[in-house]
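Participant: What would the 3D arrangement of this be:
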Amino acid sequence: MIAIHTKYYGPTDSGGSKIRATDGRGNKVTIPYPYELSDVDCYAKAAKMLCKKMEWKGTLVAGGTQSGYVFCFTDSDHYQI
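Facilitator: Sure thing, here's the model as predicted:
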């Protein structure tokens, strides 16, 4: 099962705020912080961009963490409880 971890990175002297989405296997995308969105939708945008890059399809669900959100596919048949 793929878990996508997202994290907010604040602005620096050389760039603005951003959100990074990673899958734990070294695949990642970083997007500028989408100020037009709010809360979880900002992180979901980064997760969706990683899915697009990796050509993953399915429905994602989110859960909050201290550093952002984690997204998992609901339609995975690899692991069920």
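Participant: Tell me where this structure has strands.
Facilitator: Assigned by DSSP state E, the strands in the chain fall at 3-9, 18-22, 28-32, 60-64, 68-73.
Participant: Make CSV out of the ones you listed and add mean neighbour count, mean pLDDT and distance to Met54.
Facilitator: C-beta coordinates here come from the backbone N, C-alpha and C atoms, glycine included. As requested, these are exported to CSV (neighbours: other Cβ atoms under 10 Å; pLDDT from 0 to 100; distance: least, Cβ to Cβ, whole Å):
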stretch, mean neighbour count, mean pLDDT, distance to Met54
strand 3-9, 18, 96, 10
strand 18-22, 20, 97, 10
strand 28-32, 16, 98, 9
strand 60-64, 13, 94, 13
strand 68-73, 20, 94, 12
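Participant: I'd like these as CSV, with distance to Cys42 appended.
Facilitator: What follows is those, written out as CSV (distance: least, Cβ to Cβ, whole Å):
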stretch, distance to Cys42
strand 3-9, 8
strand 18-22, 6
strand 28-32, 9
strand 60-64, 11
strand 68-73, 9
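Participant: so which of those strands comes closest to Ala46?
Facilitator: strand 18-22 (4.0 Å; Cβ to Cβ).
Participant: Run the chain-centre distance for the closest one.
Facilitator: 6 Å (Cα atoms, centre = their mean, to the nearest Å).
Participant: Kindly format the C-alpha coordinates of it as PDB.
Facilitator: Output of strand 18-22 as PDB, limited to C-alpha atoms (Å, rounded to 0.1, in the frame of the first residue of the first chain):
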ATOM      1  CA  LYS A  18       6.000  25.100  -0.300                       C
ATOM      2  CA  ILE A  19       4.500  21.700   0.300                       C
ATOM      3  CA  ARG A  20       6.400  18.500  -0.400                       C
ATOM      4  CA  ALA A  21       4.700  15.100  -1.000                       C
ATOM      5  CA  THR A  22       6.800  11.900  -0.700                       C
END
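Participant: Tell me what angle that strand forms with strand 68-73.
Facilitator: Orientation of strand 18-22 against strand 68-73 (axes from the mean of the first three to the mean of the last three Cα atoms, to 10 degrees) gives an angle of 40 degrees.
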